[in-house]
Structures are given as structure tokens and as C-alpha cells.
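In: sharing a model prediction with you, sequence too.
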Amino acid sequence: MIVNNEWRDYEIIATGNGEKLERWGVYTLLRPDPQVIWKSEKPLEDYKGISARYIRSSDGGGHWEYYKPVPDNFTVKWRDLTFSLKLMGFKHTGLFPEQAVNWARMIDLIKASGKHINVLNLFGYTGAASVACASAGADVCHVDSAKAMVDRCRDNMKLSGLDGVRYIVDDCFKFCERELRRGNRYDAIIMDPPSFGRGPKGEKWKIEDNVFDFVKLTSDLLSDKPLFILINSYTTGLQPTVMGNILELTTKDYKGVTEADEIGLPTNEGIVLPCGCSAMKVFK
């Protein structure tokens, strides 16, 4: 398990009974978490100062229940970077704080490379990884099929006073096929594929069925002397070693070291909450 302990604007206060109590800046949220199968010492909803709670419905959806005013958009900082948050559907805020462990690693690799780095961020969501790479001096191509998420990436870049990002609203698979035909190549590739999803024209995606072919396709987009490739997965049942094996098999023509592990977040209870897995191959 690997974690990043640099957060000042985020913390997990307590966990239990399928939920986690978190502080995001000045706001305290209570959200469901499928990994929290243990019981809490006291009901988390009894904690004072909760701003909002996400309530699941019987049909699988849900809604936010507000106890205090929460603005439509608010911000948190990590290091010198600023990210915009919004309470969205299906419990999300627009940021995955456990990913700070990868932001830190990518920043270090880009800065230590001693050369100009072109990064391709696929399934880029609201762009925290794009912001991190741009802050290290890289040029970034940010791709996501949802225009609203790409627009949020633009906002996050502006909040941190950064530029150097090419924004693409497209199906990631089709975009990569076109990039191959155009002869474009990248020194670093990041991907955060969903468990399930659809492209802008209804293209179906299921990670167990599609991720190997997709990683194979993206490996053909690597430059002659690439820096790294990173896969994130939140899919229950896909172990870190699975992601690591996929990287090894699809990039075997490039020498490097592959590391795969769970990523998590420390809690004020003295435990670590698992938050998915990552696999990265750093090329030599």
C-alpha cells in the first residue's frame, strides 16, 4: 500500500458502516465507500459539523442531503496546486485525493528527466494529473469523452496559473487510433479507465474486456525514449499485479521497471483506507 501524506486541505476523519467522513477544506462530507465494511465506534452521521451527506437510493442512484450551505464550486490545495470541487452525482466531488501519490511521482520523474516531456492523459476526468504534469513543465494532451469534465480541467489549469494543455473531447480508443495514423508519439502516458462507460457516440467500454487491447494500442504511441506509462484502476477484483502484468506484456520492447501496488489514504483512526490500485512502468 502506498500513500501520500502531503495533504493539508483533505483528511479522512472517521470510517465505518459503509461510509467515510472527510474534510475538504472547510467543508465536511459524509460519503459511501464500498471498502468500508467495518463498524464505526459511533454513528458517523452524529458527528458535529457535517456539511453534506450523500444518501444512496434503493435503485442504485442517490442524492446529496445538505446540512450547511455548500457553494456550487469550492477549492482545495495540494502543494502549490489548486483544484476546483463540486458535489456531483454518484457521490463524486471531481477529485480523487489518493492520486496525490501518483502526482508526486510523475512530477519528480518529469523534472528529473532533463528533457521536454509530452504527456498523454486518457480518461483524464477533471484533470488533476494533467495539472500535476503541466506544473512540472510537461506539455499535456488531455482526453475525455465528457465535455463537462474537460471544461473542469481547463478551470483547474487556470486556478493553478498553468497552460500547455491540449484539450480533446473524444472516445479515447478512437482518438489513439487517429494519433497513430497521424504519427504522433508521447513520452509519458497516463490512463484512468472506468469500470464501465460509453463514448460520446455510445461506444461501450468494460475494463475487463477492453483494457488489454487498449493498453496495447497506447503502447504503440510511446516515443523512442519514453519516460513512463501509468494505469489506474478502481475496479474491484482487478489486483495490482493484473495491471502490472498488462504493462509488462504490452511494453516488453521497452526496458524498464514496473511497480504495481494498492493506493490508499490514511485516516485519523490510524488505519489506511484502500482506494484502488496503480501500475507504473518507468523506462530506462
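Out: Okay, I see it.
In: ok, residue 9 - contacts?
Out: Residue 9 sits next to 24-25, 76-78 when contact means CB atoms under 8 Å, 6 or more residues apart in numbering. For the C-beta atoms, the positions are set from N, CA and C on the backbone; glycine is no exception.
In: what's the neighbour count on residue 113?
Out: 17 (other CB atoms under 10 Å).
In: identify the residue nearest it in space, chain neighbours excluded?
Out: Leaving aside its sequence neighbours, residue 113 sits nearest to residue 227 (CB to CB, 6 or more residues apart in numbering; 5.5 Å).
In: and residue 91, by the same measure?
Out: residue 54 (4.3 Å).
In: which SSE is that neighbour in?
Out: strand 52-56 (DSSP states H and E).
In: so which elements touch that strand?
Out: strand 27-32, strand 62-66 (3 or more CB pairs under 8 Å, 6 or more residues apart in numbering; DSSP states H and E).
In: pLDDT on it, on average?
Out: Averaged over strand 52-56, pLDDT sits at 96.
In: now that strand - C-alpha only, CSV.
Out: The C-alpha coordinates for strand 52-56 follow below in CSV (Å, rounded to 0.1, in the frame of the first residue of the first chain):
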residue,chain,number,x,y,z
ALA,A,52,-23.5,17.4,3.4
ARG,A,53,-24.1,13.7,3.1
TYR,A,54,-24.6,11.5,0.1
ILE,A,55,-27.6,9.3,0.5
ARG,A,56,-27.9,6.2,-1.7
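In: how about the strands in the stretch 151-284 of the chain?
Out: 165-169, 188-191, 196-198, 204-206, 228-233, 256-266, 272-283 (DSSP state E, counting those that start in this stretch).
In: re the thing from before, correct me, but the residue nearest to residue 91 touches residue 21?
Out: No - when contacts are counted by CB atoms under 8 Å, residue 54 is not listed as touching residue 21 (11.7 Å).
In: picking that back up, please name the strands paired to the strand holding residue 54 in the sheet, noting orientation.
Out: Using DSSP bridges, strand 52-56 pairs in its sheet with strand 27-32 (parallel), strand 62-66 (antiparallel).
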